[in-house]
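Colleague: make a model of this:
(chains A and B)
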Amino acid sequence: MTNDKASGDEAIPEQDEAAQARALSEQQRIRREKLAKLQAEGRDPFAVVKFDQTHHSAQIKAEFERLENAPVSVAGRIMSFRDIGKASFVDLQDRDGRVQIYVNADELGAEDYARVKTYDMGDLVGIEGFVFKTRRGEISVHAKKVSLLAKALEPLPEKFHGLKDPELRYRRRYLDLVMNSQVMDTFKKRTAIIRAVREYLDERGYLEVETPVLSTIASGAAARPFVTKSNALNLQLFLRIATELYLKRCIVGGMERVYEMGKDFRNEGIDIRHNPEFTMIELYQAFADYNDMMELCENLVAFAAVKATGSTKVNYQGTEIEFAAPWRRLTMIDAVRTNGGPDFSTVRGDEEARELAKSLGLGEELKKKLSDCSRGDILNAAFEKFAEKNLVQPTFIIDYPTEISPLTKQKPGDPTMTERFEAFVYGREVANAYSELNDPIIQLDRFQQQLRERELGDDEAYMLDEDFVSSLEVGMPPTGGMGIGIDRIVMFLTDAYSIRDVILFPTMKPQEG
RNA sequence: GAGCCGCUAGCUCAGUUGGCAGAGCAACGCCCUUUUAAGGCGUGGGUCCCGGGUCCGAAUCCCGGGCGGCUCACCA
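Modeller: Okay, here's the model as predicted:
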């Protein structure tokens, strides 16, 4: 139970103590008593400030031939305790895994050995000893000295079944990490992927920059923002939904190649593919177009796949996915046509498209009233209905309708289409890129069209950013830009079913209150 | 936002037709100096998510609420 009562209430403490004693489980109470006893003996584990850890578990196992009989110091958490009388076997878990520790009364002396036997699973200990192999052939550390480095006042989850309850796993991720080694592996891979992305771009002359999370306009994407407030400025602010407009200002300023990898925030639904805060990389390259972005995308993701998993081929939820370049390229119109949908290349104008939408029963896919929909809206809806779910192997869908791409340059010779692509894997969008619109007059027109959409009730239409338009008036070179959803890439490379399995602390409702 | 499902010991889970709250691991005591889900003997541990209702009697049935999971909707 939370206790939110105001401080300074002198009458309550005694009741609090009683209440707390009652709230403690038998096991918690016993561990606190053990701690108190150690403290009374001048052996407070929480007073220890340092332990010299010379080796990790994995290294001892990998280099046993060289390390046999050598002195080592290892540190970690007690994960199991097999007491066989005057000797015990302890499984010690550190960052890399586990190594068995052998302790016996002869080596430690009766008094110290008796004290070690009072240590609990979950306690953090440091071991000084030497490497050996047991009769059963397990590489172990024979302890000459055992130091308690921190006491666990709460028992660990059950050693065989571990921690399974998804609610507890997400809320108390530290327990999940301790108990489930594949969870630790997933987050190590996440780090490897992020490091690989940075390495790939840094080597190609990209400058990593940081742009505002807080601003008065949340633009650059179609999404509802989180709202917050500055006390100092007495001003309503939004958390960013994209970094696009600031990064393009950097291109205007002459940085030529920039990227930012960080959190975006979208105030929308939460499910296995969406967390309100998520990690996105956006990158921009002057004098490049969307074809360059396609090559960059497929090579970057393949590079990250190799760095994280050792291969471009991964198994995702039972389906083999090949990330090696080149990825299939398919226009949106062809994707609809070849997946059982109509041929939009023969559809002229909004009215004809609306008739087609009616005959196809495209109701659910449309985001607004049919009478407000343009040919581009309907093509996009048909794509989502017919094609999207079939795009299992990495595929670039190219050439998006102008109406749904307000920051994108039109295709030369076809003003209804833009030089934009999205990359799909397993039916899910993982990247979005385009030849950036750099004509400030057309950009202003497109924003004004978005404002009309907003008036029609689309609260996700892009907000007008006048300073961004001003920056384009200064002159932005022709530029290719791309956004990649990092969490989704991590999901594919770690075979994660839910986005919550690749975010250490996913957004959860408080349990009480 | 809607539907379905879940919530019982620290953890993983049973709990029959509504009739004294259960197991394994963990804990506590004793035995055991190369075990490894160690083993043997014994002991303790519960706000059955919360609040109402029905009933002689509710973990179980009914109503309301909380949190979570899944599916759908939403989500460039």
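Colleague: pretty sure A:Ala461 is touching A:Gln450, no?
Modeller: Yes. At 4.4 Å, A:Ala461 counts as touching A:Gln450 under the criterion of CB atoms under 8 Å. All C-beta spots, glycine's among them, are computed from the backbone N, C-alpha and C.
Colleague: would you tell me which residues of the stretch 401-513 of chain A are close to RNA strand B?
Modeller: Applying CB under 7 Å from any atom of the strand, one finds that the stretch 401-513 of chain A approaches RNA strand B through A:404, A:422, A:429, A:432, A:460, A:483, A:485, A:497-498, A:500, A:506, A:508-512.
Colleague: residues touching the nearest residue to A:Asp439 once chain neighbours are set aside, list them.
Modeller: Leaving aside its chain neighbours, A:Asp439 sits nearest to A:Leu472 (7.4 Å; criterion: CB to CB, 6 or more residues apart in numbering). Residues counted as contacts of A:Leu472 (CB atoms under 8 Å, 6 or more residues apart in numbering) are A:248, A:252, A:438-440, A:443.
Colleague: the residue nearest to A:Val141 when sequence neighbours are not counted and A:Arg169, how far apart?
Modeller: Nearest residue to A:Val141, sequence neighbours excluded (CB to CB, 6+ apart): A:Gly129, at 4.7 Å. As judged by CB to CB, to the nearest Å, A:Gly129 and A:Arg169 stand 34 Å apart.
Colleague: next: A:Thr479.
Modeller: For A:Thr479, the distance to A:Arg169 (CB to CB) stands at 43 Å.
Colleague: more neighbours: the two, which one.
Modeller: It is A:Thr479, of A:Thr479 and A:Arg169, that has more neighbours when counted by other CB atoms under 10 Å, with 24 against 20.
Colleague: list the beta-bridge partners for that one.
Modeller: For A:Thr479, the beta-bridge assignment (DSSP bridges) gives partners A:Ala286.
Colleague: export the contacts of A:Leu472 as a markdown table, with columns for neighbour count.
Modeller: Below are those laid out as a markdown table (neighbours: other CB atoms under 10 Å):
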| residue | neighbour count |
| --- | --- |
| A:Lys248 | 24 |
| A:Val252 | 19 |
| A:Asn438 | 18 |
| A:Asp439 | 13 |
| A:Pro440 | 17 |
| A:Gln443 | 22 |
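Colleague: next step: those residues restricted to strands.
Modeller: Assigned to strands by DSSP state E, none of these qualify.
Colleague: which strand or helix spans A:Ile281?
Modeller: strand A:277-286 (DSSP states H and E).
Colleague: and the following helix or strand past that strand, what does it pack onto?
Modeller: Scanning forward in sequence from strand A:277-286 by DSSP H and E, the next helix or strand is helix A:290-309. Contact here means 3 or more CB pairs under 8 Å, 6 or more residues apart in numbering; DSSP states H and E; on that basis helix A:290-309 packs against helix A:181-202, strand A:277-286, strand A:395-401, strand A:414-425, strand A:428-435, strand A:479-485, helix A:486-494.
Colleague: now with 7 Å?
Modeller: Contacts defined by 3 or more CB pairs under 7 Å, 6 or more residues apart in numbering; DSSP states H and E place helix A:290-309 against helix A:181-202, strand A:414-425, strand A:428-435, strand A:479-485, helix A:486-494.
Colleague: and A:Asn275, which of these is closest to it?
Modeller: helix A:486-494 (7.1 Å; CB to CB).
Colleague: flag every buried residue along the closest one.
Modeller: A:486-494 (16 or more other CB atoms under 10 Å).
Colleague: from the residues you listed, pick the one nearest RNA strand B.
Modeller: RNA strand B lies nearest to A:Arg488 out of the buried residues of helix A:486-494, by CB to the nearest atom of the strand, at 9.6 Å.
Colleague: next up, the contacts around the nearest residue to that closest one once chain neighbours are set aside.
Modeller: Residue nearest to A:Arg488 in three dimensions, not counting chain neighbours: A:Val430, with 4.9 Å by CB to CB, 6+ apart. With contacts defined as CB atoms under 7 Å, 6 or more residues apart in numbering, A:Val430 is in contact with A:423-424, A:484-485, A:488-489.
Colleague: make it 10 Å
Modeller: By CB atoms under 10 Å, 6 or more residues apart in numbering, the contact set of A:Val430 is A:297, A:301, A:394, A:422-424, A:483-489, A:491-492.
Colleague: got it, and A:Glu436?
Modeller: A:244, A:247-248, A:251, A:284-286, A:288-290, A:293, A:407-409, A:419-420, A:443, A:472, A:476-481.
Colleague: what about it, distance to RNA strand B?
Modeller: A:Glu436 is 13 Å from RNA strand B, where distance means CB to the nearest atom of the strand, to the nearest Å.
Colleague: doesn't A:Ile503 lie inside a strand?
Modeller: No. Applying DSSP: H, G, I helix; E, B strand; the rest coil, one finds A:Ile503 to be coil, outside a strand.
Colleague: which residue, other than its chain neighbours, is closest to it?
Modeller: A:Asn275 (5.5 Å).
Colleague: my read is that that neighbour contacts A:Leu504, right?
Modeller: No. Applying CB atoms under 10 Å as the test, A:Asn275 and A:Leu504 come out as separate, 11.0 Å apart.
Colleague: comparing those two, which residue is more hemmed in?
Modeller: Neighbours of A:Asn275 and A:Leu504, each counted by other CB under 10 Å, are more numerous for A:Asn275; the result is 21 against 14.
Colleague: quick one, phi/psi of the more buried one?
Modeller: The phi/psi pair for A:Asn275 (degrees, to the nearest 10) reads phi -120, psi 140.
Colleague: report the contact partners of it.
Modeller: With CB under 10 Å, 6+ apart, A:Asn275 has these contacts: A:263, A:265-266, A:487, A:498-500, A:502-503, A:505-507.
Colleague: ok, A:Leu493 next?
Modeller: A:186, A:189-190, A:192-193, A:196, A:301, A:304-309, A:311, A:314, A:316, A:321, A:323, A:502.
Colleague: show the pLDDT at it.
Modeller: We note a pLDDT of 96 for A:Leu493 in this prediction.
Colleague: again, but for A:Lys358
Modeller: In this model, A:Lys358 carries a pLDDT of 86.
Colleague: try A:Ser374
Modeller: A:Ser374 is given a pLDDT of 89.
Colleague: next one: A:Asn3
Modeller: So, for A:Asn3, pLDDT stands at 39.
Colleague: thinking again about what came up before, what about the residue nearest to A:Ile503, distance to A:Glu460?
Modeller: From A:Asn275 to A:Glu460 the distance is 18 Å (CB to CB).
Colleague: same thing with A:Glu167?
Modeller: With CB to CB as the criterion, A:Glu167 and A:Glu460 are 30 Å apart.
Colleague: over to A:Asp202?
Modeller: Counting by CB to CB - A:Asp202 and A:Glu460 are separated by 34 Å.
Colleague: more neighbours: which of the two?
Modeller: A:Glu460 (16 against 12).
Colleague: and the more buried one, what's its pLDDT?
Modeller: At A:Glu460, the pLDDT recorded in the model is 86.
Colleague: wait, isn't it in contact with A:Ile241?
Modeller: Yes. Assessed by CB under 10 Å, A:Glu460 is found in contact with A:Ile241 at 9.2 Å.
Colleague: give me the common contacts of those two.
Modeller: By CB under 10 Å, 6+ apart, A:Glu460 and A:Ile241 have these common neighbours: A:221-225, A:266, A:268.
Colleague: quick one: the strands in the stretch 1-150 of chain A?
Modeller: Per DSSP state E, counting those that start in this stretch, the stretch 1-150 of chain A carries strands over the ranges A:71-83, A:87-94, A:97-104, A:124-133, A:139-150.
Colleague: A:Thr346 is nearest to which of those?
Modeller: strand A:97-104 (61.4 Å).
Colleague: tell me which residues in the closest one are buried?
Modeller: A:98-104.
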